[in-house]
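Visitor: following is a predicted model, sequence given first.
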Amino acid sequence: MGDHAGGFPPSPFRDSILAGKVALITGGGSGIGFEITRQLGLHGAKVVIMGRREAVAQEAANRLRSQGVEAMAVPGDVRLPADAQRAVDAAVEFGGKGRLDILVNSAAGNFLFPVESLSPKGFRTVLEIDTLGTFTMCHAAFKALRRGGLTAKDEEECEGEGGLIISISATLQYGASWYQAHASAAKAAIDSLTRSLALEWGHPYRIRVNGIAPGPIADTTGLFKLNPGTELPDVSELVPLRKVGETWDIAMAAVYLASGAGRWISGETVVVDGAHWLWKPQFFSRDDVKGLSRSVEAKSRVPGNLAKSKL
């Protein structure tokens with residue numbers, strides 16, 4: 001059931017659960033994207049990595065092949081329709097089935113910056129990579145993902161289950177995050193796009209569209225960028241489960257959504273963050289609250305106090 005590379009636990013899924021599927025992953029050469037790619041491959045899928053840095057994507061594909069995964073790399077920028085279409089075509093040809101089963105939109109850009117100092121160009125760059133890039137890839141992959149093949153024109157021709165789109169989102173847009181107005185706007189748009197595509201492409205094309213919203217993930221560039229100073233508190237202290245996640249956690253969510261177990265899940269962004277986005281300061285200790293509750297309860301039982309209670 002998977003392997004233990006990187007100290008990760010064994011996979012709870014069968015190794016062959018994604019056998020016969022073809023997956024295209026943007027930003028699959030490093031970080032969360034790489035582990036998603038690796039786990040999709042270890043569970044039987046043929047995987048294609050698309051990335052702007054050709055050397056990084058190729059090295060990632062080489063690493064995966066050394067682990068027995070059928071993998072290839074395609075250079076390209078998710079913001080460019082021609083690059084997106086070339087990557088989709090390469091994945092379809094690599095799979096040898098005339099179709100694409102899984103598209104993972106993992107390419108992203110982010111950095112900390114106060115809004116008043118953020119230029120329109122900087123704001124636009126993040127939205128172009130995250131939001132426009134996600135739309136461009138989905139648009140290019142549509143014909144390969146819908147069932148009925150490339151010539152499907154109506155519902156009757158779209159037989160069987162369609163493909164799956166997974167877009168990597170975030171949780172910072174659920175409230176507000178310091179110095180990330182650009183990324184918050186981009187991820188909020190991705191969540192909205194996920195819902196819209198799930199509605200429009202579910203019928204008649206049978207395409208499922210979902211998102212995954214990771215919390216803080218150890219050993220990733222994102223965590224380093226967003227927690228650069230030693231003076232900041234340990235991020236794990238802001239997570240109710242008191243630990244940061246691993247790339248494996250996000251990859252397992254992707255495998256679940258891609259497996260038969262996720263066949264009726266669409267239009268959903270799955271939060272995988274140890275309840276991090278729900279965190280709030282604990283103003284009173286658990287023992288103090290219990291003591292206060294017992295005191296209030298005892299007073300309410302005193303004759304004459306019941307009528308005065310506002311509970």
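Guide: Happy to help now that I have it.
Visitor: quick one: list the elements packing against the helix or strand hosting Thr37.
Guide: Following DSSP states H and E, one finds Thr37 within helix 31-42. For helix 31-42, the packing partners by 3 or more CB pairs under 8 Å, 6 or more residues apart in numbering; DSSP states H and E come out as strand 22-26, strand 46-51, helix 54-66, strand 102-105, helix 221-226, helix 247-258. Placement of C-beta: from N, CA and C, glycine included.
Visitor: now the angle between helix 31-42 and the last one, please.
Guide: Right, helix 247-258. Using axes from the mean of the first three to the mean of the last three CA atoms, to 10 degrees, the direction of helix 247-258 lies 50 degrees away from that of helix 31-42.
Visitor: buried sites along helix 247-258?
Guide: Of all the residues in helix 247-258, those buried under the rule 16 or more other CB atoms under 10 Å are Thr247, Trp248, Asp249, Ile250, Ala251, Met252, Ala253, Ala254, Val255, Tyr256, Leu257, Ala258.
Visitor: I figured the second one hits Gln39, correct?
Guide: Think Trp248. Yes. Between Trp248 and Gln39 there is a contact at 7.4 Å, judged by CB atoms under 8 Å.
Visitor: can you show me the CA trace of the longest helix belonging to the chain as PDB?
Guide: Assignment by DSSP state H gives helix 181-202 as the longest helix of the chain. Backbone C-alpha positions of helix 181-202 (Å, rounded to 0.1, in the frame of the first residue of the first chain) are rendered in PDB as follows:
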ATOM      1  CA  ALA A 181      -4.800  40.200  -0.200                       C
ATOM      2  CA  HIS A 182      -3.600  39.100  -3.700                       C
ATOM      3  CA  ALA A 183      -3.500  35.400  -2.800                       C
ATOM      4  CA  SER A 184      -6.800  35.600  -0.900                       C
ATOM      5  CA  ALA A 185      -8.500  37.100  -3.900                       C
ATOM      6  CA  ALA A 186      -7.000  34.500  -6.200                       C
ATOM      7  CA  LYS A 187      -8.000  31.500  -4.100                       C
ATOM      8  CA  ALA A 188     -11.500  32.800  -3.500                       C
ATOM      9  CA  ALA A 189     -11.900  33.000  -7.300                       C
ATOM     10  CA  ILE A 190     -10.600  29.400  -7.600                       C
ATOM     11  CA  ASP A 191     -13.200  28.200  -5.100                       C
ATOM     12  CA  SER A 192     -15.900  30.000  -7.000                       C
ATOM     13  CA  LEU A 193     -14.700  28.600 -10.300                       C
ATOM     14  CA  THR A 194     -14.700  25.100  -8.800                       C
ATOM     15  CA  ARG A 195     -18.400  25.400  -7.900                       C
ATOM     16  CA  SER A 196     -19.300  26.900 -11.300                       C
ATOM     17  CA  LEU A 197     -17.600  24.200 -13.300                       C
ATOM     18  CA  ALA A 198     -19.000  21.500 -11.100                       C
ATOM     19  CA  LEU A 199     -22.500  22.800 -12.000                       C
ATOM     20  CA  GLU A 200     -22.000  23.400 -15.700                       C
ATOM     21  CA  TRP A 201     -19.700  20.500 -16.500                       C
ATOM     22  CA  GLY A 202     -21.500  17.900 -14.300                       C
END
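Visitor: next SSE downstream of that helix?
Guide: Counting by DSSP H and E, what follows helix 181-202 is strand 208-214.
Visitor: on the pLDDT front, check Ser285 for me.
Guide: Among the per-residue scores, Ser285 holds a pLDDT of 83.
Visitor: which ones are touching it?
Guide: By CB atoms under 8 Å, 6 or more residues apart in numbering, no residues touch Ser285.
Visitor: how far away is it from Lys243?
Guide: Remark: distance between Ser285 and Lys243 (CB to CB, to the nearest Å) = 21 Å.
Visitor: cool, Asn210 as well?
Guide: Asn210 is 25 Å from Lys243, by CB to CB.
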